[in-house]
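Q: the following comprises the amino acid sequence and a computationally predicted model.
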Amino acid sequence: IQRDLSARIPIYKASFKQSDAQYDLDWHLLAAIGYQESYLKPESVSPTGVRGLMMLTNSTARAMGVSNRNDPAQSIQGGAKYYDLML
């Protein structure tokens, strides 16, 4: 886990921090959600069709304003928005 995080977190840290500021959510929590969902791999696809770093469904992505689930910044923003909505 540490090796994965050390290699991948720096790539997406700015996007997590931007969503942190926008939704008042700890960026570490958002990164943990991303890691749990996809191991921070934006090209991830599940057998059920969810995809992207935050593993959004088509309908959730549309509802959160995400046009490209495979774009890491959009996926993180959409996942943060969805999590904020659920809170």
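A: All right, it came through fine.
Q: how about the helices in this protein?
A: 2-23, 27-38, 58-63, 72-86 (DSSP state H).
Q: go through the first one and flag the buried ones.
A: Judged by neighbour count using 16 or more other Cβ atoms under 10 Å, the buried positions of helix 2-23 are Arg8, Ile9, Tyr12, Ser15, Phe16, Gln18, Ser19, Asp20, Tyr23. In this view, the C-beta of every residue, glycine as well, is placed from N, C-alpha and C.
Q: what residues does that helix touch?
A: 25-27, 30-31, 34-35, 39-41, 53, 72-73, 76-77, 79-81, 83-84 (Cβ atoms under 8 Å, 6 or more residues apart in numbering).
Q: contacting residues for Ala80?
A: Ser19, Asp20, Gln22, Tyr23, Leu25, Leu30 are the contacts of Ala80 under Cβ under 8 Å, 6+ apart.
Q: export the helices of the chain as CSV, with columns for mean pLDDT and distance to Ser46.
A: Listed next are the helices of the chain as CSV, based on pLDDT from 0 to 100; distance: least, Cβ to Cβ, whole Å:
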stretch, mean pLDDT, distance to Ser46
helix 2-23, 94, 18
helix 27-38, 96, 9
helix 58-63, 97, 12
helix 72-86, 98, 13
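Q: for Val45, which of these is the nearest?
A: helix 27-38 (9.2 Å; Cβ to Cβ).
Q: which helices and strands does that closest one pack with?
A: Contacts defined by 3 or more Cβ pairs under 8 Å, 6 or more residues apart in numbering; DSSP states H and E place helix 27-38 against helix 2-23, helix 72-86.
Q: give the buried residues for that helix.
A: Judged by neighbour count using 16+ other Cβ under 10 Å, the buried positions of helix 27-38 are Trp27, Leu30, Ala31, Ile33, Gly34, Tyr35, Glu37, Ser38.
Q: spatially, which two of the buried residues of helix 2-23 are the most separated?
A: Of all the pairs that these form, the one spanning the most space (Cβ to Cβ) is Arg8 and Tyr23, at 21.2 Å.
Q: isn't Ser44 right up against Ser38?
A: Yes: with contacts counted by Cβ atoms under 8 Å, Ser44 reaches Ser38, the gap being 3.8 Å.
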